[in-house]
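[1] coords please:
(chains A and B)
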Amino acid sequence: MSRFEYAPAPESRAIVDIKSSYGLFVNGQFVEATDGKPFKTVSPASEEVLAEVSEAGPADVDKAVRAARKAFDKVWGPMSGKDRAKYLFRIARLIQERARELAVLESLDNGKPIRESRDVDIPLVAAHFFYYAGWADKLDYAGVGDDPQPWGVAGQVIPWNFPMLMLAWKIAPALAAGNTVVLKPAETTPLTALAFAEICQQADLPPGVVNIVTGAGRTGQALVEHPDVDKVAFTGSTAVGRAIAKSVAGTHKAVTLELGGKAANIVFEDAPIDQTIEGIVNGIFFNQGHVCCAGSRLLVQESVYDEVLARLKRRMGTLRVGDPLDKNTDIGAINSAAQLAKIRELSQIGEDEGAERWSPECELPANGYWFPPTVFTGVSQAHRIAREEIFGPVLSVLTFRTPAEAVEKANNTPFGLSAGIWTEKGSRILWMANQLRAGVVWANTFNRFDPTSPFGGYKESGYGREGGRHGLEAYLAH
Amino acid sequence: MTTLDSGVDSLADVTSSEDRLRRFLLGLPGVDQVGAEARAATLSTRSIKTTAKQYALDLAIQMIDLTTLEGQDTPGKVRALCAKAKRPDPADPTAPQVAAVCVYPDLVATAKRELQGTGINVASVATAFPSGRSSLAIKIQDTKDAVASGADEVDMVIDRGAFLSGRYAMVFDEIAAIREAAGDAHLKVILETGELVTYDNVRRASWLAMLAGADFIKTSTGKVSPAATLPVTLVMLEAVRDYHEATGLHIGVKPAGGIRTAKDAIKYLVTVNETAGPDWLDPELFRFGASSLLNDLLMQRTKLATGHYPGPDYFTLD
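    Residues are numbered from 1 along each chain as shown, chains lettered A, B, ... in the order given. Here you go, the predicted model:
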């Protein structure tokens, strides 16, 4: 009997209409950049050029900030919360209506599998706008005192791993609280942010409330250093976060930073084993491991180490790596050549330091940026692959003997964004959660997100919270 | 936790006393409900098209235990069902036959006559189906009657009352006794997962049945709601996979009841493929207990071949 080979099931690209070039979205309109060179955005799965995008220079950023300031002073700031909510609800509905288009566009530009952009990213984007729309007229009840006020103009810089979702995390609470925004998407993934600009037009959002400036580090720097920005929100690497914190130090600006992570995913001997394996896989291979809260350090109780590893490897053998637009793909493309080089370099270091590297047999496409799901065993706390964020589909496995040792190892990192606990023992979950210095602790699950739940880090993973009531607080002066 | 390398000897040991059996079953790893259901939901998103769909539809037809288990069953109804089993689609001779016809014991002889020489098995429910509330002597006699009438396969029910009150040895002994009474007939053990309710119970009952000699573990009688569900079947597939790791033996799985569409059947096949593995994509190791499912599979099959859906009147009722 022949094998059950899944035939290609590609999601159609016909639904997206990508323009050959894009301007900046300033004051409600797409405009030409005045002092930057255009750059190309490619599909990481094929290296095909998708579009040419404008680079915003300091003068362009200044225009965007001025537009945001004017909109804040004249329209959005004075507007009642009830009316702001109407716009946010409208945006949320438009995102739902255009969900398939946005999912395809996200997968094309980012390389993530359509299953994730369709079932996780875009539904969460809409959910965030719906959630914060509900807050817009209830700010008095946000727990930050009577009559809380917005900061003014928010300068927001987001990463390439969840382009549209990070946009939602930033823009939805900012607008609900009454701020106006200038947002810079990552240079490798600008397309969904530009599609969002169209959605703002479609929703008749007043000009200047949302401005999108594309570009790389220089653009981001011009934005966060602009003197008329009142609030800076950044998600990205710890190195850039540190530079931003320095640049805003001593100014009037409020800051939230959501930075790197090296999360411990902790498996006890009484864990529900089959769901644990799924959780390990989801923890590190979801979104190719391009997740700041990825469970990249697997801590396994030594008594079940062999069994967990055997089952994990068997499961990894069924992961389907390939075309992001194929509906059966589990792992897509690495977002950029630069990121691929970094993953390769750190993996090589792992081997050189004596850890054992394993990947299932899997054929990688010839073009584009690809890295197979990889697990390193024999890793100890001293290895660089146990300490540094790889931001790719690479799992480092360590062992522990007792709950106290698990806590000690889990906390022994400069980061503290998230952690996972796998055990059937409820009391141990609560004890562990109290001991772990991580912003998010998942029990018997991993990488679950919800707009009502705050998210953020300890230590070098940043400060401030996004999501939930706490996320709203970050956009209110109090 | 059971280990992947625990051999046959250690498993023989766990059934050596009631206490050991109990400790073994209670020591099986837990099943997290949210996680198991999420995994089944993810597997349901697989998109099976063109050649893969063709393969899946034909395989699903060959895995059907075409079933009628009603008080109103008559020899005439069973003969009609057998005709359908032999030639599911009169308009298309390339449509494969089903695996078996499943009836009550008193109609086994009728089915057997109709299916002589076709390779299609006759399966009979037994052991005071569907409730199982009778003495062991009667259950054994019920099984012997079915086998004497020519049943190739026996679908027994477990004593859910005994299982839920923790009398695992009693359930074990009963399955073992029916195993013996069934002789060479293939034994499918119905767990009635709709009455066991928790996935932990499903996993324990699966192991209990396999240890006691089941050739197949089956979800449901079809008389209790919910009948088969994808997460329950997932947990059972994990159990047969782990049992195979431990013993080298292949035990089959049969979801029964509530699977009515080709789309659903394909989700089950995807789950088989990615959980127990390709070995189980075989009517010897995976069956669907169903009746109306067959026509939907045939309709999808025709659609794939001709490009359009014929109406339901173009497919025979039975």
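
[2] I'd guessed residue B:191 sits against residue B:158; true?
    Yes: counting by Cβ atoms under 8 Å, residue B:158 is a contact partner of residue B:191 at 6.0 Å. C-betas here are computed from N, CA, C, even on glycine.

[3] residues shared between the contacts of the two?
    B:205, B:209 (Cβ atoms under 8 Å, 6 or more residues apart in numbering or on different chains).

[4] report the buried residues of stretch B:210-219.
    B:210-219 (16 or more other Cβ atoms under 10 Å in any protein chain shown).

[5] pretty sure residue A:80 sits against residue A:139.
    No: taking Cβ under 8 Å as the definition, residue A:80 is not a contact partner of residue A:139, at 10.9 Å.

[6] between those two, which has more neighbouring residues?
    When residue A:80 and residue A:139 are compared for neighbours, residue A:139 comes out ahead with 22 against 11, by other Cβ atoms under 10 Å in any protein chain shown.

[7] which non-adjacent residue is nearest that one?
    residue A:148 (5.3 Å; Cβ to Cβ, 6 or more residues apart in numbering or on different chains).

[8] how about that neighbour, what does it touch?
    Per Cβ under 8 Å, 6+ apart, neighbours of residue A:148: A:139-140, A:142, A:177, A:476-478.

[9] in chain B, what residue lies closest to chain A?
    residue B:35 (2.9 Å; Cβ to the nearest Cβ).

[10] count of residues packed around that residue?
    So residue B:35, with other Cβ under 10 Å, has 23 neighbours.

[11] ok, it - contacts?
    So residue B:35 contacts A:272, A:274-276, A:278-279, A:444-445 (Cβ under 8 Å, 6+ apart).

[12] in helices, which of those residues appear?
    A:274-276, A:278-279 (DSSP state H).

[13] between those, which is closest to residue B:245?
    residue A:274 (12.7 Å; Cβ to Cβ).

[14] residues in chain B within reach of chain A, list them.
    When proximity is defined by Cβ under 8 Å from any Cβ of the partner chain, chain B lies next to chain A at B:1, B:3-4, B:29-32, B:34-36, B:38-39, B:45-53, B:55-56, B:59, B:235, B:238, B:269-270, B:273-274, B:278, B:281-282.

[15] pull out the buried members of these.
    Counted by 16+ other Cβ under 10 Å, the residues of chain B next to chain A give B:1, B:29-32, B:35-36, B:38-39, B:46-48, B:52-53, B:55-56, B:59, B:235, B:238, B:269-270, B:273-274, B:281 as buried.

[16] residue A:298 belongs to a helix?
    No: using DSSP: H, G, I helix; E, B strand; the rest coil, the assignment for residue A:298 is strand, not a helix.

[17] isn't it right up against residue A:265?
    Yes: here residue A:298 reaches residue A:265: they are 5.2 Å apart, a contact under Cβ under 8 Å.

[18] mutual contacts of the two, please.
    With Cβ under 8 Å, 6+ apart as the test, residue A:298 and residue A:265 both reach A:280, A:283-284.

[19] of all those residues, which comes closest to residue B:98?
    Residue B:98 lies nearest to residue A:280 out of the shared contacts of residue A:298 and residue A:265, by Cβ to Cβ, at 39.7 Å.

[20] pull the contacting residues for the closest one.
    So residue A:280 contacts A:265, A:267, A:295, A:298, A:308, A:312, A:395, A:446 (Cβ under 8 Å, 6+ apart).

[21] just the buried ones from these, in PyMOL syntax?
    The PyMOL command for the buried members of the contacts of residue A:280 (criterion: 16+ other Cβ under 10 Å) is given here:
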select buried, chain A and resi 265+267+295+298+308+312+395+446
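
[22] the contacts of residue A:280 in helices, which ones?
    A:308, A:312.

[23] out of the contacts of residue A:280, who's nearest residue A:17?
    Looking across the contacts of residue A:280 and measuring by Cβ to Cβ, the closest to residue A:17 is residue A:446, at 36.0 Å.

[24] isn't that closest one up against residue A:266?
    No: if you go by Cβ under 8 Å, residue A:446 and residue A:266 don't touch, sitting 10.7 Å apart.

[25] tell me the predicted confidence for residue A:217.
    Model confidence at residue A:217, given as pLDDT, is 96.

[26] that one against residue A:237, yeah?
    No: in this structure, residue A:217 is not within contact of residue A:237 by Cβ under 8 Å, at 10.7 Å.

[27] wait, a strand at residue B:102?
    Yes: assessed by three-state DSSP, residue B:102 belongs to a strand.

[28] residues near it, how many?
    Neighbours of residue B:102 (other Cβ under 10 Å): 32.

[29] how near is it to residue B:112?
    Separation of residue B:102 from residue B:112 (Cβ to Cβ, to the nearest Å): 13 Å.

[30] and which of the buried residues of stretch B:210-219 is nearest to residue A:455?
    Nearest to residue A:455 out of those is residue B:219 (Cβ to Cβ; 39.3 Å).

[31] around the residue lying closest to the closest one once chain neighbours are set aside, count how many other residues there are.
    Spatial nearest neighbour of residue B:219, excluding adjacent residues (Cβ to Cβ, 6+ apart): residue B:228 at 4.3 Å. Using other Cβ under 10 Å, residue B:228 has 24 neighbouring residues.

[32] do the same with residue A:363
    Residue A:363 has 9 nearby residues by other Cβ under 10 Å.

[33] what are the bridge partners for the most centrally placed residue in chain B, then?
    The centre of chain B sits closest to residue B:254, judged by Cα atoms, centre = their mean, with a distance of 1.9 Å. With DSSP bridges as the criterion, residue B:254 is bridged to residue B:218.

[34] mind listing what it touches?
    B:65, B:188, B:216-219, B:286-289.

[35] what residues does the stretch 301-450 of chain A put near chain B?
    A:304, A:306-307, A:310-311, A:318, A:327-328, A:424, A:444-445.

[36] got the residues of the stretch 151-300 of chain A near chain B?
    A:269-276, A:278-279.

[37] picking up where we left off before, now the buried members of the ones in helices among the contacts of residue B:35.
    A:274-276, A:278-279.

[38] which stretches in the stretch 251-400 of chain A count as helices?
    Using DSSP state H, counting those that start in this stretch, the helices found in the stretch 251-400 of chain A span residues A:273-285, A:305-316, A:337-352, A:384-387.

[39] can I get the third one as CSV, trimmed to CA atoms?
    Just to be clear, that refers to helix A:337-352. The C-alpha atoms that make up helix A:337-352 are tabulated as CSV, following Å, rounded to 0.1, in the frame of the first residue of the first chain:
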residue,chain,number,x,y,z
ALA,A,337,20.1,35.9,5.3
ALA,A,338,21.5,37.8,8.3
GLN,A,339,19.4,35.9,10.8
LEU,A,340,20.2,32.6,9.0
ALA,A,341,23.9,33.4,9.3
LYS,A,342,23.5,34.1,13.1
ILE,A,343,21.7,30.8,13.6
ARG,A,344,24.4,28.9,11.7
GLU,A,345,27.1,30.6,13.6
LEU,A,346,25.7,29.9,17.1
SER,A,347,24.9,26.3,16.1
GLN,A,348,28.5,25.9,15.0
ILE,A,349,29.6,27.3,18.3
GLY,A,350,27.4,24.7,20.0
GLU,A,351,29.1,21.9,18.2
ASP,A,352,32.5,23.4,18.8
